[in-house]
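Peer 1: just a sequence and a predicted model for now, questions to come.
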Amino acid sequence: MAKTNFADKTTLVYASTASETTMNAMMTGLQTEFELRDGDRFLNGVIYGADGTGFACTKSGTNVVIAAGVAYCGTTTGNQKRYSGAGTVAFTAGDTANTYYVYVNSASDTTPYTKSTSNPGNGSNLVLCSVAWDGASVLGTPTDLRPYGLIPAALRCQVTGTVSADVIGLFEVDRAFWIEDVIMWAANWGTSGGPTWVDVHAGASGSAPATIFTTQGNRPTSTHSGTDYGTYTSGVPEANRYLAEGSILYVEVDAISVDLADLCVTVRGRYVR
């Protein structure tokens, strides 16, 4: 924010009248400027509380109940708004049977908590959960989709030359970390066989890490005919996504194509605090 310039700033001179409209416009411009500054630095997400319940979604009859917490969600113009209140998203017989996504819609200040049958993404929205509705009276148990943390982070490892099916990266998490997904690329995805599968195992210090992909088909993968130097992204991890400071993580190549070479794997996530 420039020292003397922000949206709706009015220059007052001696004996000028500062009206209610003028002052409100100035304060609105100042608030917008601070929201833009946050949006330039941070991702949309939920701040992880001590008990992890912030913005958790639960079922109550035919309603999805959103717990209070602290979350930030940016609009299409880049500024972020802070949300802290609890909310409820209702399902009625007028809603067709489908899987719905419950999310924060930052474009609406009056009814920001809403639902959609298509994933709205986390651009100007913040997805909280998905839930099945039978179209009449039965609501399923919400699946947690909250992204924790606002600060982008990444853990990277690579193998130069021929790749074997083995552990290729070991990490100790230096601060609380939230795993978003896994992305990989290779200079040569191979000449035959395969496909190549990569897994990530994570957990608390003192015990063996477990896979983050309960559904193993969500692991990042490529056939030997994949595009050399092309990137491949995993599906959404379902387990062990929140890692406290001091947790451990390793990247493992589970299966390979023949002649797989020069592989790079990145675990994308967020620092939680």
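Peer 2: Everything's here; your move. Numbering: from 1, shown residues only.
Peer 1: what ranges do the strands span in the stretch 1-150 of the chain?
Peer 2: 45-46, 57-60, 63-66, 71-74, 80-83, 87-90, 98-105, 113-116, 125-133, 143-144 (DSSP state E, counting those that start in this stretch).
Peer 1: just the ones you listed: most buried one?
Peer 2: strand 45-46 (a mean of 25; mean count of other Cβ atoms under 10 Å). All C-beta atoms are positioned from the backbone trio N, CA, C, and that covers glycine.
Peer 1: rewinding a little: now the strands of the stretch 1-150 of the chain as CSV including mean pLDDT?
Peer 2: Listed next are those as CSV, based on pLDDT from 0 to 100:
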stretch, mean pLDDT
strand 45-46, 92
strand 57-60, 96
strand 63-66, 97
strand 71-74, 87
strand 80-83, 85
strand 87-90, 96
strand 98-105, 96
strand 113-116, 96
strand 125-133, 95
strand 143-144, 90
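Peer 1: so Asn105 sits against Thr114, correct?
Peer 2: Yes. At 5.2 Å, Asn105 counts as touching Thr114 under the criterion of Cβ atoms under 8 Å.
Peer 1: point out where this structure drops to low pLDDT.
Peer 2: 1-7, 31-41, 50, 75-78 (pLDDT under 70).
Peer 1: try 50 this time
Peer 2: The chain contains residues with pLDDT under 50 at 1.
Peer 1: may I see the domains of it written out as residue ranges?
Peer 2: When the chain is parsed with automatic domain parsing, its domains come out as 45-144, 151-271.
Peer 1: can I get these in TSV including distance to Glu20?
Peer 2: TSV is the format used below for these (distance: least, Cβ to Cβ, whole Å):
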stretch	distance to Glu20
domain 45-144	21
domain 151-271	39
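Peer 1: can you tell which of these is closest to Ser19?
Peer 2: Ranking the domains of the chain by proximity to Ser19 (Cβ to Cβ) places domain 45-144 first, at 24.0 Å.
Peer 1: circling back to that earlier point, ok, which of the domains of the chain comes nearest Lys9?
Peer 2: Comparing these by Cβ to Cβ, domain 45-144 comes nearest, at 16.5 Å.
Peer 1: OK, contacts around Cys264?
Peer 2: For Cys264, the contact set (Cβ atoms under 8 Å, 6 or more residues apart in numbering) comprises Arg156, Cys157, Gln158, Met184, Trp185, Ala186.
Peer 1: what about Val253, distance to Asp174?
Peer 2: Using Cβ to Cβ, to the nearest Å, we find Val253 at a distance of 24 Å from Asp174.
Peer 1: more neighbours: these two, which one.
Peer 2: Between Val253 and Asp174, counted using other Cβ atoms under 10 Å, the more crowded position is Val253 (21 against 11).
Peer 1: show me what contacts the residue nearest the centre of the chain?
Peer 2: The centroid of the chain falls nearest to Pro147 when counting by Cα atoms, centre = their mean (3.7 Å). Residues near Pro147 by Cβ under 8 Å, 6+ apart: Leu43, Asn44, Gly45, Val46, Asn122, Leu126, Val127, Trp178, Glu180, Arg270.
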